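Trainee: Task: produce atomic coordinates for the following.
(chains A, B and C)
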Amino acid sequence: MTAPEQPSGVPVDTALYQEIQHFYGRQMRCLDEARVEEWAGTFTEDGVFVANAHPEPSVGRAAIAAGARKAAALLAEQGVQRRHWLGMLDADACDDGTVRARTYALIISTPRGGQAAVHLSTSCDDVLVREDGQLRVRHREVRRDDLRPE
Amino acid sequence: MTAPEQPSGVPVDTALYQEIQHFYGRQMRCLDEARVEEWAGTFTEDGVFVANAHPEPSVGRAAIAAGARKAAALLAEQGVQRRHWLGMLDADACDDGTVRARTYALIISTPRGGQAAVHLSTSCDDVLVREDGQLRVRHREVRRDDLRPE
Amino acid sequence: MTAPEQPSGVPVDTALYQEIQHFYGRQMRCLDEARVEEWAGTFTEDGVFVANAHPEPSVGRAAIAAGARKAAALLAEQGVQRRHWLGMLDADACDDGTVRARTYALIISTPRGGQAAVHLSTSCDDVLVREDGQLRVRHREVRRDDLRPE
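Mentor: Numbering: from 1, shown residues only, chains lettered A, B, ... in the order given. Here you go, the predicted model:
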C-alpha cells in the first residue's frame, strides 16, 4: 500500500493552483468542523489515506469517515478545537491525468478556555483527480515530522 | 448586531481568490505594523468588527482605528511583535454582490529577546465589498477557539 | 550592504502572485529537505541573503549553499526537522523589472520523537528577478521578530 510511482509532470497553471488552494480550504474545514461525511466525500470512493502514525491505511470513504468520526468524538469529549493548515503548496499536473500536490500541514490545537499551540507538523502528499468537475483525493500520505525514521 | 443572513453564492474565480489573498497580506500588515488609519481604511466607512472576545462590536472606521491604536500601544509597551496569519481561504461570490470570505487566523506573538509562540487560533468570517475598485471589509466576525461555547 | 532603494511598483497580477507562491513552496522545501545546491540555485548567481541574526550577509550562491549546508548538518545531528512557512504575501511589480515580495515567515521545528513548536517568527523581504524564465531571489532580507531593535 505504498504511493504509486511518480509519473512525470509539469507545474500546474494559475487556475489549477488556486483551485487546489480553495479545495484544501474547504476540505480541511469539513474535518475541523466534524462534518465527517462531507470530509469523506472529498476523497474518491476508493480513496486511500496513509499516515506514518497509523498502523494501516484507511481505504475507501467509509473507513475514512469512520476514522474522522472517532477522532471528532474524542476531541469533542476533550473540548479541543483542531485546525489543519495546509500550505507551501507545490503541485504538478501529471501525464496520467492526476495532480501531485505536496503541502506542509500544521495542526493547531486549542482546548476550551486554554492556550492554542502547535499540535503537530507534518507533510501531506496528495494524488488528486477530477470527478464530476470536482477535485478529489485519490491517495493521501501524511507523515508526522516527529515520527520520521532515523 | 449579528452577521447578515448568508445569501447564496458560488466559489470565487481565480482572479478574485488571489485578490483576496493579496488584500489580506496587505491588510494584516497594516495592523501588525501599527498603521492604524490604513488598517481602518481597509474596512468600509460603516464597517463592523465583531469578536467573541469583545463585549460589543466596533462599528465604523473611527471605532476600528481606536481599538487598533489601543492594542498597538499596549504591544509597544510590552515589546511584543504580533503577526496575524489568515489562511485556508474559502470564498464565495454572492448574488447580492458581496463576497463571503472565511479564513483561519493564527496569531503569532514574539516578545523582544524572547520566544515566538502561537498566541491565539481563531476563525475569521468576512463580508467583503468592492469600493472604488478596492476590496474592503464590511463585516468581520472573529471567533477565538478558546472562547467557543460548550 | 543594505537593500536597494524601493522603486515604484504596482500590485502583481493574478498569474505572478500565484507563481511567487508556487516558487516559495518549492524553494523552501529545498532548504527544509537539505537540498542545498538546489536551494542556492533559487538565488541569482550574485544573490544576497541578509539576516538580522547574521553578522554579515551571505553573498553569492556558494556562500548561500555553505550556510545552508552548515545549518542542515547541525539539524541532522540534533535530529530536528525544520519547516519554513512563507505566507501573507504582498508583492509589487516594479518599474525596474524586479518584483518586491514581502512575506511573513514562520519556522516550525520538530525534534525526532518530540513536540513540534514555533521556532521563530520573521519577516522576509525579497527582490525577485526572472532568469531563463524562472523566478530567482536577487536579494533577501530576513528579520527575526525577537531581534528587532528597541
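
Trainee: Against B:Glu150, how distant is the residue of chain A most remote from its centre?
Mentor: Computed with Cα atoms, centre = their mean, the residue of chain A farthest from its C-alpha average is A:Gly113, at 27.6 Å. A:Gly113 sits 10 Å away from B:Glu150, going by Cβ to Cβ, to the nearest Å. All C-beta atoms are positioned from the backbone trio N, CA, C, and that covers glycine.

Trainee: shared neighbours of the two, which are they?
Mentor: In terms of Cβ atoms under 8 Å, 6 or more residues apart in numbering or on different chains, A:Gly113 and B:Glu150 are both contacted by the residues A:Gly79.

Trainee: Phi and psi next, for the closest residue to A:Arg112 other than its chain neighbours.
Mentor: Using Cβ to Cβ, 6 or more residues apart in numbering or on different chains and skipping the chain neighbours, the partner closest in space to A:Arg112 is A:Gly79 (4.0 Å). Note on A:Gly79: backbone dihedrals following degrees, to the nearest 10 are phi 70, psi 30.

Trainee: what number of residues lie near A:Gly79?
Mentor: 14 (other Cβ atoms under 10 Å in any protein chain shown).

Trainee: and it, what pLDDT?
Mentor: At A:Gly79, the model reports a pLDDT of 98.

Trainee: ok, now which ones touch it?
Mentor: A:Gly79 makes contacts with A:Pro111, A:Arg112, A:Gly113, B:Glu150, as judged by Cβ under 8 Å, 6+ apart.

Trainee: Would you agree the second one is in contact with B:Arg144?
Mentor: This points to A:Arg112. No. Using Cβ atoms under 8 Å as the test, A:Arg112 is too far from B:Arg144 to be in contact (10.5 Å).

Trainee: Compare the two (neighbour count), which wins?
Mentor: Per other Cβ under 10 Å, whichever of A:Arg112 and B:Arg144 has more neighbours is B:Arg144, with 18 against 14.

Trainee: Quick check, the more buried one in contact with B:Asn52.
Mentor: Yes. Assessed by Cβ under 8 Å, B:Arg144 is found in contact with B:Asn52 at 5.8 Å.

Trainee: Chain A: helices as residue ranges?
Mentor: In chain A, the helices defined using DSSP state H lie at A:14-32, A:36-41, A:61-78.

Trainee: and of those, who's closest to C:Leu128?
Mentor: Proximity to C:Leu128, assessed across these by Cβ to Cβ, is greatest for helix A:14-32 (16.8 Å).

Trainee: And the contacts of the closest one?
Mentor: Contacts of helix A:14-32 with the rest of the structure, by Cβ under 8 Å, 6+ apart, involve A:12, A:35-36, A:38-39, A:42, A:68, A:81-86, A:89, A:91, A:93, A:99, A:101, A:103, A:128, A:135, A:137, B:11-12, B:14, B:17-18, B:88-91, B:102-103, C:14-15, C:18-19, C:21-22.

Trainee: hmm, which of those are the buried ones?
Mentor: Buried subset of the contacts of helix A:14-32 (neighbour count, 16 or more other Cβ atoms under 10 Å in any protein chain shown): A:12, A:36, A:38-39, A:42, A:68, A:81-86, A:89, A:91, A:93, A:99, A:101, A:103, A:128, A:135, A:137, B:12, B:14, B:17-18, B:88-91, B:102-103, C:14, C:18-19, C:21-22.

Trainee: how about the residues of chain A that lie near chain B?
Mentor: Selection of chain A residues close to chain B by Cβ under 8 Å from any Cβ of the partner chain yields A:14-15, A:18-19, A:21-22, A:24-26, A:28-29, A:79, A:81, A:83-87, A:108, A:110-118.
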